[in-house]
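Participant: Model the structure of this input:
(2 chains)
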Amino acid sequence: MAVDQEHFVHLARPLAPSALGFSASTAPLTVNIQPQAVFSIIDHAVRRDIRDTQSTRVIGALVGVRSEDGSEVEVRQCFAIPHTENEDQVEVDVEYQKNMLALTLKASPRETLLGWYTTSHELNSFSALIQNFFASPETGTFPHPAVHLTISTEAGRAIETKTYISAPVAVNAERAAESCLFIEVPHKLNFTDAERAALGGVAAASETETRTAPIASDIEGLAQAFETVSDLLERVSGFVGEVLDEERDGNHALGQYLMNALSLAPKVANIAIEHDFNNHIQDVLMVSYLANTIRTQIDLAQRLATAPLVAGEKEGGDKKDGEEGGKHEGRGGGRGGKRGGRGGGRGGNQNREPREPRENGE
Amino acid sequence: MVDAQRDVPVKSALVEALVVMKIVKHCSASFPTTATGSIVGMDNNGVLEVTNSFPFPTVEVANTDSHSHSNNQQNDASSLAAAAPRSKANITYQNEMIKHLKEVNVDANNVGWYTSATMGNFINLSFIENQYHYQKDNDKTVALVHDVSRSSQGALSLRAFKLSNDFMAAYKEGKFTTEILQKSKLTFRDIVVEVPLVVHNSHLLTSFLHQIPAPPDNAEIPLPASLDDIRRDPAKIPAHPSFDALDLSIDPFLEKTCDLLLESIESHYTDLNNHQYYQRQLTREQFKITQWQTKRKAENAARVAAKQTPLPEDEWQRLFKLPQEPSRLEGMLNARQVEQYSKQVDGFTANITAKMFAVRGNLLPE
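Facilitator: You can find the predicted model right below:
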């Protein structure tokens, strides 16, 4: 699942001074952002310290991986950097950035510094200053361009993200440090399959008033999914019904799509389905039965192992005998578990049989 | 102060969405190797708020080969990662990281650690040791367990655990012999306590989540002109509720759980054999002692008859050594693990039967 932000003309990246022997690529650059990076930025924005700084934004570094030719970068995580800003100067804790980067890279050695983020869309001379710091050869991403991500976190507005890279530009040499040309590059939010489940849990919390939600158990999740699917099916059949009743115009593409989907239903004889169904459900129930038998057996073994034995209270020798007996029973229990297990299979069948008439009756 | 803190035990864990995402990312990226990390946050009247997390550095197996020769079990990257929370280097790393996080207004208290698991196989000695390591200093710590395999079925599986106070006391003593267990009435059910876990979002995050997937601009969507239009722009499914839960591939999960159960039975037998060996050893020693005692008594009787001073009768304590009783802890953990598996199987069964009836209902219209 990828969320494209918007469509716009994709310019070639600007020519930047390149290191000797390194041919600067002018191929377009694509930025993929993983959701936990955005979550992290949002968390940082919420935790902004407003006491001793006039700035309304926070900054931090982006860390992730870059493809071999440098044409694609993936932002995997980020960390906050303390900074203060007022009318005429900006201070970034360079020492902190260095230490934190070292710590972060220690935990994920395959990742590198990619650039930086801030929580306002404004690009000013301070932005240029920081951008030049992150793009410089000593402290930054040179010879690769530094990525600048801006994300608006104003309350009550939609959260927008923009990404830029830069080229050096200046009216004269003195002002080179605080000027640069920002060029917007396309980016998208990337969700991997592993994150889908997590996002589901988080999204569940976003739909309640309290912004909290317990993690649903499997069966609850299944029930919700079933409900949603049946709602969606209801809508589709409502649409089809309306078309049939000539209340609204039909649509060829949708009709075709629905036909395709319906033709996916497998053609299997009813008997075969019934047979497979019964077989499979018996297997499943048997596994469940066996697992519970094993649990009971082990529980029993534990109980016997530590049970206070009446005969054992008097003397060591007696106690030992008693325990030995307990042991043997425990082991016998283990064997019994296997026997019980086989019996359980049959038991499962028997359990099922009385159910069958009822199912057929439905 | 300490007493006041203890008055309110951890009742539930409130986990920020950021932490959920970070843990899921880290665990799934390093799967199938175990991943561990630290969580920070603060305690708020019995509700443990977990607000941030960071992974522990991965140890390159090659680097540690030199000093792990003595201990072959340590060779595995997984076991290294599992032991990470209590290794010295990582404690330093953790303190350093927390110090840095404090500067950017993140709650700078360690509240435990997280680990990844496969099909619930996390209850082992290493888990207990890690949690003990955290909980002995601070009662307000939990272990978050993210089950990568189960999450891949659709529903997120993240649970919080802590050790029970009784078990903490027993583990501190370090003795898990039959007698002590009989006295303390500690059973395998009392080892770990599950703490209810709740996911929490900030306001800003809620507004962000409502943007993805973006709702359509108009209520009335233009109808597609051709089939390709639909394919090119597939419907954006909301993340919740997740339709991955409707996946029908169920057998691999049951199969894996069965394998794990068999493994548990295997270790149960090993444990049992150890104890039987101990019992035999004990009987043999005690038999020898009794023999020695009878012999000494007979000797003394002879000596008394000959008007000599009798020899001391308690020398056997020096001469014979009773074998040490093996710890019952392994067995208890194993039992707890089996309980976990069987509950898991129950859960699967409930799910699977529902799905199967749904499929049958669909294929065989009545």
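Participant: What is the longest strand of chain A by residue count?
Facilitator: Longest strand in chain A, counting residues (DSSP state E): strand A:72-81.
Participant: does chain B sit close to it?
Facilitator: Yes: between strand A:72-81 and chain B, judged by Cβ under 8 Å from any Cβ of the partner chain, the touching residues are A:76-77, A:79-81. For glycine as for every other residue, the C-beta is placed from the backbone atoms N, C-alpha and C.
Participant: what's the closest of those residues to chain B?
Facilitator: Distances from chain B to these, taken as Cβ to the nearest Cβ, are shortest for A:Ala80 (3.9 Å).
Participant: give me the number of residues near the closest one?
Facilitator: A total of 26 residues lie near A:Ala80 under the criterion other Cβ atoms under 10 Å in any protein chain shown.
Participant: Is it in contact with A:Leu62, as I believe?
Facilitator: No: taking Cβ atoms under 8 Å as the definition, A:Ala80 is not a contact partner of A:Leu62, at 11.4 Å.
Participant: Quick check, B:Tyr171 in contact with B:Ile128.
Facilitator: Yes: counting by Cβ under 8 Å, B:Tyr171 touches B:Ile128, with 7.1 Å between them.
Participant: got any residues that touch both of the two?
Facilitator: Common neighbours of B:Tyr171 and B:Ile128 (criterion: Cβ atoms under 8 Å, 6 or more residues apart in numbering or on different chains): B:Leu163.
Participant: Give me the distance between stretch B:109-118 and the centre of its chain.
Facilitator: Remark: stretch B:109-118 is offset 9 Å from the chain centroid, using Cα atoms, centre = their mean, to the nearest Å.
Participant: Also stretch B:98-114?
Facilitator: With Cα atoms, centre = their mean, you get 23 Å for stretch B:98-114.
Participant: Which parts of chain A are strands?
Facilitator: With DSSP E as the criterion, chain A has strands spanning A:2-4, A:30-33, A:59-66, A:72-81, A:83-85, A:90-92, A:112-118, A:147-151, A:161-167, A:181-185, A:187-190, A:212-214.
Participant: Distance from stretch B:289-299 to the middle of the chain?
Facilitator: For stretch B:289-299, the distance to the chain centre is 51 Å (Cα atoms, centre = their mean).
Participant: list the buried ones in that stretch?
Facilitator: The neighbour-count check on stretch B:289-299 (16 or more other Cβ atoms under 10 Å in any protein chain shown) flags B:289, B:296 as buried.
Participant: which outside residues touch it?
Facilitator: Counting by Cβ under 8 Å, 6+ apart, A:317, B:311, B:313, B:315-316, B:319-320 sit against stretch B:289-299.
Participant: sorry, back to before: so what secondary structure elements neighbour the longest strand of chain A?
Facilitator: Under the contact definition 3 or more Cβ pairs under 8 Å, 6 or more residues apart in numbering or on different chains; DSSP states H and E, strand A:72-81 sits against strand A:30-33, helix A:35-46, strand A:59-66, helix A:94-107, strand A:112-118, strand A:147-151.
Participant: Give me the residue at the spatial middle of chain A.
Facilitator: A:Glu195 (1.9 Å; Cα atoms, centre = their mean).
Participant: Distance of it relative to B:Met21?
Facilitator: 7 Å (Cβ to Cβ, to the nearest Å).
Participant: now swap in B:Lys307 and tell me
Facilitator: 90 Å.
Participant: A:Glu174 now?
Facilitator: The value you get for A:Glu174 to B:Met21, if Cβ to Cβ is used, is 45 Å.
Participant: out of these two, which sits in the more crowded spot?
Facilitator: B:Met21 (23 against 8).
Participant: so who does A:Asn195 touch?
Facilitator: Just so we're on the same page, residue A:195 is Glu rather than Asn. Contacts of A:Glu195 by Cβ under 8 Å, 6+ apart are A:34-36, B:21, B:24-25, B:28.
Participant: State the mean pLDDT of stretch B:182-195.
Facilitator: Stretch B:182-195 carries an average pLDDT of 79.
Participant: Which residues of the stretch 1-150 of chain A lie near chain B?
Facilitator: Counting by Cβ under 8 Å from any Cβ, the stretch 1-150 of chain A sits next to chain B at A:1, A:3, A:34-36, A:38-40, A:42-49, A:76-77, A:79-82, A:93, A:96, A:99-100, A:103, A:106-109.
Participant: of those, buried ones?
Facilitator: Among these, the ones that count as buried by 16+ other Cβ under 10 Å are A:1, A:3, A:34-36, A:38-40, A:42-48, A:76-77, A:79-82, A:93, A:96, A:100, A:103, A:106-108.
Participant: surely B:Lys22 meets B:Thr51?
Facilitator: No: judged on Cβ under 8 Å, B:Lys22 makes no contact with B:Thr51 at a distance of 11.0 Å.
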